[in-house]
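J.: Pasting the sequence and the predicted coordinates here, then a few questions.
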2 protein chains.
Amino acid sequence: MKVKNSFCMWFTGLPSSGKTTTAAALRQRLYDEGVTVIHLDGDVVRKGLNSDLGLSEKDREENNRRIIHVSEIVVSGGVPVLSSFISPFKKTRDFAKEIIPNYIEVYVSTPVEVCMERDVKGLYAKAKKGEITGMTGLDAPYEVPESPEIVLETTEHSLKDNIDSIVRYLTENDYLEETDR
Amino acid sequence: MKVKNSFCMWFTGLPSSGKTTTAAALRQRLYDEGVTVIHLDGDVVRKGLNSDLGLSEKDREENNRRIIHVSEIVVSGGVPVLSSFISPFKKTRDFAKEIIPNYIEVYVSTPVEVCMERDVKGLYAKAKKGEITGMTGLDAPYEVPESPEIVLETTEHSLKDNIDSIVRYLTENDYLEETDR
């Protein structure tokens, strides 16, 4: 496969909903098909580029602002981007949509009960014990996307099925095209 | 051509030395050869990602820190980066070398007299009139790279010759390889 039109696939959803897992698997699948994409992930970015930022509302906004601009730079340069960030607020996603060319919103719609059970980073447990506050899905809001391009169910469909349907979407919408390779 | 090992080519030099011109021409040349690279340019980055930063020493450092981390993210993701920034201080370039995989330093060694004559953005003229201060090459220092991988002469060699020699360097050092295409 090759890139026909560069794009940004923006994965939004609750903590432990499966954003990083899906984006990482999609990146690998595209790599295997000959397409290199950049994966920008919330946790990874916070270790380097945004290591100066905390979890205050102002810092979270700045975190998002930088990621949106980096996504824009890379997509404009012709390289697809997968961005996996909780991004709970509509205004953040609207800004991303405004700034980033070919923005594709993917809502990873895993129910909060399932996310709490998975609790990959143990954050829900900590929040329930009162050790942390401002946990999206518990005591901080998540504004469900109103018109995402793709809604992913991670409980009813397998990871492989979800990746298949994303690749189909990208091909049908002229972002990727088949090659002879 | 295709990418064998991703890399970051870091263009450093005085204002108006030819960093952006060389990087942009190299990007186009590689694109024509089938290789997509991301060009991070000082002036462009300051309009988006780093639009919150001024020209104080602290802000310039933060400007560089962010660019270095973005370069790292993109190169680590398998996509080559061309970074064109004055980056006058050795400590900044040393940090870039430490953080970014396959960092290749390119010193654009145009003499200051020639840069002042070109004065693409009219900054030298402003500085000479005292309208701005802290102009690299006039009243702010530029620490000449001690052991850059490549030194470019933009007065004695044509842009095309410089691009040719850079592409040769990238091929000979296993960053790029020929394909049948």
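T.: Cool, got the structure.
J.: pull the CA atoms of stretch A:152-163 into CSV?
T.: Only the C-alpha atoms of stretch A:152-163 are listed here, as CSV (Å, rounded to 0.1, in the frame of the first residue of the first chain):
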residue,chain,number,x,y,z
LEU,A,152,-14.9,1.5,17.6
GLU,A,153,-16.4,-1.1,19.8
THR,A,154,-13.6,-2.9,21.6
THR,A,155,-15.8,-5.3,23.5
GLU,A,156,-18.0,-6.6,20.6
HIS,A,157,-15.3,-6.6,17.9
SER,A,158,-11.8,-8.1,18.0
LEU,A,159,-8.7,-5.9,17.6
LYS,A,160,-8.1,-7.5,14.3
ASP,A,161,-11.6,-6.7,13.0
ASN,A,162,-11.3,-3.1,14.1
ILE,A,163,-8.0,-2.7,12.3
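J.: ok, and what's touching it?
T.: Surrounding stretch A:152-163, the residues in contact under the criterion CB atoms under 8 Å, 6 or more residues apart in numbering or on different chains are A:17-18, A:21-22, A:25-26, A:29, A:106-111, A:114, A:165-166. Using the backbone N, CA and C atoms, a C-beta is placed for each residue, glycine as well.
J.: and it, which residues are buried?
T.: Neighbour-count burial for stretch A:152-163, counted by 16 or more other CB atoms under 10 Å in any protein chain shown, picks out A:152, A:154, A:162-163.
J.: likewise stretch A:115-132?
T.: Buried, per 16+ other CB under 10 Å, within stretch A:115-132: A:115-116, A:118-119, A:123-124, A:127.
J.: Name the nearest of the buried residues of stretch A:152-163 relative to chain B.
T.: residue A:163 (18.2 Å; CB to the nearest CB).
J.: distance of the closest one from residue A:48?
T.: Computed as CB to CB, to the nearest Å, the residue A:163 to residue A:48 distance reads 27 Å.
J.: How about the residues of chain A by chain B?
T.: Listed as neighbours of chain B in chain A under the rule CB under 8 Å from any CB of the partner chain: A:3, A:31, A:36-40, A:44-45, A:48-49, A:52, A:62, A:66, A:69-70, A:72-74, A:77-79, A:99.
J.: Just the buried subset of these, written out for ChimeraX, thanks.
T.: Selecting only the buried entries of these in ChimeraX, with 16+ other CB under 10 Å as the criterion:
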select /A:3,36,37,38,39,40,45,48,49,62,66,69,70,72,73,74,77,79,99
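J.: Can you tell me which of the residues of chain A next to chain B end up in strands?
T.: In strands, defined here by DSSP state E, the members of those are A:3, A:38-40.
J.: What is the nearest of those residues to chain B?
T.: residue A:38 (4.1 Å).
J.: which residues touch the closest one?
T.: So residue A:38 contacts A:74, A:79-82, B:73-74, B:77, B:79 (CB under 8 Å, 6+ apart).
J.: Please apply the same query to residue A:179.
T.: Counting by CB under 8 Å, 6+ apart, residue A:179 has contacts A:1-2, A:34.
J.: try residue A:93
T.: Contacts of residue A:93 (CB under 8 Å, 6+ apart): A:10, A:12, A:87, A:105, A:145.
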